[in-house]
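S.K.: quick one: sequence plus predicted model below, questions after.
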Amino acid sequence: MTLLQKYDKRLRSLILTPEGTMIGNRDFGIDFDLISMQPIQAANFLAMQLEQKITRYIPEIKVISVDTETDSPEGRVIFRIRIGRA
C-alpha cells in the first residue's frame, strides 16, 4: 500500500464516520448536521470540520479546498476534497 493510499484510507474513514459513534473516541468523525444544510453552507462546514479533524487525526496532510457540485435531477451534492502534504 502506497503512502497516498494510506492517507486516502484514513481520510475516508474520518469522513464516513459520524461524529460521536466511535467508542473510546467520540470526537472522531464528521458532524453529519451538514446533511440538512444548503450546498455552499455544507461545503464550508465540511471544510472547517476537515481542517480540525485532519489536524488532529491525520497531521501529515492538509485540506487545500472543498468544492461542491450539484446534480440537479437527483438533488445530490458531490463534494470534491483536495488535500496536500502538511
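M.R.: Yep, it's here. Predicted model only: the values in this text are computed from it and were never measured.

S.K.: use CA for all of it now, contacts and neighbours both
M.R.: Noted.

S.K.: how about the lengthiest helix in the chain: buried residues?
M.R.: Taking DSSP state H as the criterion, the chain has its longest helix at helix 39-57. Buried positions in helix 39-57, judged by neighbour count with 16 or more other CA atoms under 10 Å: 39, 42-47, 49-54.

S.K.: pull the CA atoms of stretch 38-52 into PDB?
M.R.: Extracted in PDB, the C-alpha atoms of stretch 38-52 (Å, rounded to 0.1, in the frame of the first residue of the first chain):
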ATOM      1  CA  GLN A  38     -27.600  24.200   1.800                       C
ATOM      2  CA  PRO A  39     -24.800  23.100  -0.500                       C
ATOM      3  CA  ILE A  40     -22.500  26.100   0.000                       C
ATOM      4  CA  GLN A  41     -23.100  26.200   3.700                       C
ATOM      5  CA  ALA A  42     -22.400  22.400   3.900                       C
ATOM      6  CA  ALA A  43     -19.200  22.800   1.900                       C
ATOM      7  CA  ASN A  44     -18.000  25.500   4.300                       C
ATOM      8  CA  PHE A  45     -19.000  23.400   7.300                       C
ATOM      9  CA  LEU A  46     -17.300  20.300   5.900                       C
ATOM     10  CA  ALA A  47     -14.100  22.300   5.200                       C
ATOM     11  CA  MET A  48     -14.000  23.600   8.800                       C
ATOM     12  CA  GLN A  49     -14.700  20.100  10.200                       C
ATOM     13  CA  LEU A  50     -12.000  18.600   8.000                       C
ATOM     14  CA  GLU A  51      -9.400  21.100   8.900                       C
ATOM     15  CA  GLN A  52      -9.900  20.500  12.600                       C
END
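
S.K.: residues in contact with it: which ones?
M.R.: Outside of stretch 38-52, the residues within contact range by CA atoms under 8 Å, 6 or more residues apart in numbering are 30-31, 34-35, 62-63, 65-68, 70, 77, 79.

S.K.: got phi/psi on Val77?
M.R.: Backbone geometry at Val77, expressed as degrees, to the nearest 10, gives phi -120, psi 130.
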